[in-house]
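**Q** what shape does this take:
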Amino acid sequence: MARPEKVKEVEELSEVFQKAKSAILTDYKGINAPDLSMLRRYLKDRSIEFRITKNTLARLAAKNTPFELLDGDFKGPVSLIVSYEDAVAPAKALADFEKSDAKKKPVIIGGVVDGKKFGPEQVKALAHLPSREVLLSQMLSVFQGPTTNFVGVFNSLLRKLVGTLDAVREKKASSG
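**A** Purely as a prediction, here's the structure:
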């Protein structure tokens, strides 16, 4: 029979997995308490949740959620870094934390971002992507390019037509 506190933790984690846009698993082995506290504060300042939980409970909570893909990765001392708003925020925050003066940093095991499983290298690559807003503005400028070119070409044709009509008018005026 399951203890009530374990049932409660599974329910809490299940809710976390239901609401989260992304989660990254890291190995925190060897990180001392002050560095772990620095990491927690660093992530909290960026609205990212940091959790250490029992792997068995995490596996149970992840069932029937997109994070079930991480089932095989819940081994050893694993921490869970979760974002509810920006799917790429945990990867970016971990990449930024790498530059901190902490003696030991967490090692990325993998993650799930928008329902897709990512390996450690893919998570690191996500950290170097531009923000969603930058990508949207780049895409918008790509879409505006052909329209701007069309307007430029059409304007040029109109100038040529007006120039030709003006030349015809001047020729008729001078000959007649």
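**Q** residue ranges with poor pLDDT in this protein?
**A** Judged by pLDDT under 70, the chain has its weakly predicted residues at 1, 176.
**Q** what ranges do the helices span in it?
**A** Using DSSP state H, the helices of the chain run over residues 4-19, 33-45, 55-62, 89-97, 120-127, 132-175.
**Q** elements contacting the second one?
**A** So the one you mean is helix 33-45. For helix 33-45, the contact count by 3 or more C-beta pairs under 8 Å, 6 or more residues apart in numbering; DSSP states H and E identifies strand 49-52, helix 89-97 as packing neighbours. Any C-beta I mention is one placed from the backbone N, CA and C, and that applies to glycine too.
**Q** from the ones you listed, which stretch is densest packed?
**A** Among the helices and strands packed on helix 33-45, judged by mean count of other C-beta atoms under 10 Å, the one packed with the most neighbours on average is helix 89-97 (a mean of 21).
**Q** contact partners of it?
**A** For helix 89-97, contacts defined as C-beta atoms under 8 Å, 6 or more residues apart in numbering pick out 22-24, 26, 39, 42-43, 46-48, 81-83, 105-106, 108, 111, 113, 123-124, 126-128.
**Q** same question for stretch 46-61.
**A** Counting contacts by C-beta under 8 Å, 6+ apart, the residues outside stretch 46-61 that touch it are 6, 9-14, 16-17, 28, 39-40, 43-44, 70-71, 74-85, 89-90, 93.
**Q** domain map for this protein?
**A** Here the domain parsing of the chain from automatic domain parsing is 4-129, 131-176.
**Q** re earlier: now the buried members of the contacts of helix 89-97.
**A** The neighbour count (16 or more other C-beta atoms under 10 Å) marks 22-24, 26, 39, 42-43, 46, 48, 81-83, 105-106, 108, 111, 113, 123, 126-127 as buried among the contacts of helix 89-97.
**Q** which ones are touching Ser22?
**A** Neighbour list for Ser22: Val82, Ser83, Ala87, Val88, Ala89, Pro90, Ala91, Gly111, Val112, Val113, Asp114 [criterion: C-beta under 8 Å, 6+ apart].
**Q** quick one: which of these is nearest Asp35?
**A** Among these, Pro90 lies closest to Asp35 (C-beta to C-beta), at 17.6 Å.
**Q** any idea how far the closest one is from Lys103?
**A** Taking C-beta to C-beta, to the nearest Å as the criterion, Pro90 is separated from Lys103 by 21 Å.
**Q** any idea how far stretch 10-25 is from the chain center?
**A** Once both centres are worked out by C-alpha atoms, centre = their mean, to the nearest Å, stretch 10-25 turns out to sit 16 Å from its chain's centre.
**Q** if you count neighbours, what's buried in it?
**A** Along stretch 10-25, the positions that meet the burial threshold by neighbour count (16+ other C-beta under 10 Å) are Val10, Leu13, Ser14, Val16, Phe17, Ala20, Lys21, Ser22, Ala23, Ile24, Leu25.
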